[in-house]
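>>> need coordinates for the below:
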Amino acid sequence: MSNILLIFTGGTISMVRNPKTGGLRPADMETFKTFVPELFSSDIHVDMLPFTPFIDSSDVNPDNWSRMARAVYDHYDDYDGFVILHGTDTMSYSGSALSFMLENLNKPVVFTGSQLPVGVLRSDAKENLLTAIEIAAAKDEVGNAIVPEVTIFFEDKLFRANRTTKINSEHFEAFASYNYPSLAKAGVHITYRSHLVHYSDPRIPLKLHESTDCNVAVLKLFPGITQQVVRSILRTKGLRGVVLETFGAGNAPSAKWLYRLLRDAVDRGIIIVNKTQCSTGSVEMGQYEVSLNLLKAGVISGYDITTEALLTKMMYLIGGLDDIQQIKQLIQTPLCGELTVEPLL
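Model prediction:
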């Protein structure tokens, strides 16, 4: 029998309808169990760990990430896998953060949630939850976890969490992984694509990282952006890192004032990473002349990483390291499959 720890943080999946008012409210554990009795009738043993009070995913912050990561770390030897119930709005941020905070992970940590509450007739909650638990418990013929990394399961696909983005607020297929294939697909059977899974060295113990630094920002370029707007962001007190969302393959306006402001920020020790605004594809700095100024200014490439993964990776690295050059090098290095330096064949 596999042992799984089900960690409740909140989200739509944990809501039920109040029979008196008709409004939605967080479910207590006993009420939740009545909606999903299958949890306790299979050959997988499930324990439940609720966060009290539940957290709306819009309120999730690095302290909550630390609490989630700590819950996995503290119970790591007692369970074969972990499932985290989480609101969908910031699930990609939380999943990305935990992929960095849980270094050398060798057990599954599966995030899931739903678009409709568990207490609603047409809810997708039950199928998402039960499949996530089955994935967290899945082992190969010699007893090793099939997908020992931080993932998101939603609708019928399993994605590497730090490759995902929420793409839809209404459809059941709420997440996409544009630059990396899904790790598994659930139908009558669950088909795993093990050659795409990130495996850590099983001889190295799990290491927990809880320090983060929130002094980062996203600067999204757009036609007509003014010098005042860019200056106000880059001059933010205490700022240490910037995700620069650029056009196409990493291009930016050729205005001299933009180059000067970026160069000045880099010289002051601010780490600026080029991230394309396109959903699919990678930054290729230097391919076009309009990206050469970014290179000259000291901006580094984020390749094909998502904004969610890049932000959380910067928080994690800046929170744990002081050497700016080392941080820059690690930002451009795949730590747990979050980016591809060379295009996939």
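>>> and the strands in the stretch 151-300 of the chain?
157-160, 165-166, 175-176, 184-186, 190-192, 207-208, 216-220, 241-246, 271-276, 300-301 (DSSP state E, counting those that start in this stretch).
>>> which of these sits closest to Met1?
Minimum separation from Met1 across these (CB to CB) falls at strand 190-192, 18.7 Å. In short, each C-beta sits where N, CA and C put it, glycine included.
>>> export the strands of the stretch 151-300 of the chain to a markdown table and tack on distance to Glu149 and mean pLDDT?
Formatted as a markdown table, the strands of the stretch 151-300 of the chain follow (distance: least, CB to CB, whole Å; pLDDT from 0 to 100):
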| stretch | distance to Glu149 | mean pLDDT |
| --- | --- | --- |
| strand 157-160 | 7 | 98 |
| strand 165-166 | 18 | 97 |
| strand 175-176 | 16 | 96 |
| strand 184-186 | 12 | 97 |
| strand 190-192 | 12 | 97 |
| strand 207-208 | 15 | 98 |
| strand 216-220 | 24 | 98 |
| strand 241-246 | 23 | 98 |
| strand 271-276 | 22 | 98 |
| strand 300-301 | 24 | 96 |
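>>> format the ones you listed as CSV; extra columns: mean neighbour count and distance to Met91.
Formatted as CSV, the strands of the stretch 151-300 of the chain follow (neighbours: other CB atoms under 10 Å; distance: least, CB to CB, whole Å):
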stretch, mean neighbour count, distance to Met91
strand 157-160, 24, 11
strand 165-166, 18, 7
strand 175-176, 22, 8
strand 184-186, 19, 17
strand 190-192, 15, 20
strand 207-208, 13, 21
strand 216-220, 17, 18
strand 241-246, 24, 19
strand 271-276, 24, 20
strand 300-301, 21, 26
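>>> low-confidence regions, the stretch 201-345 of the chain specifically.
Low-confidence segments of the stretch 201-345 of the chain (pLDDT under 70): 343-345.
>>> which non-adjacent residue is nearest Phe154?
Once flanking residues are discounted, Phe154 sits nearest to Phe175: 4.9 Å by CB to CB, 6 or more residues apart in numbering.
>>> surely that neighbour meets Asp156?
No. If you go by CB atoms under 8 Å, Phe175 and Asp156 don't touch, sitting 11.2 Å apart.
>>> report how many residues lie close to the closest residue to Ala137 other than its chain neighbours.
Spatial nearest neighbour of Ala137, excluding adjacent residues (CB to CB, 6+ apart): Ser2 at 3.7 Å. Using other CB atoms under 10 Å, the number of residues around Ser2 comes to 18.
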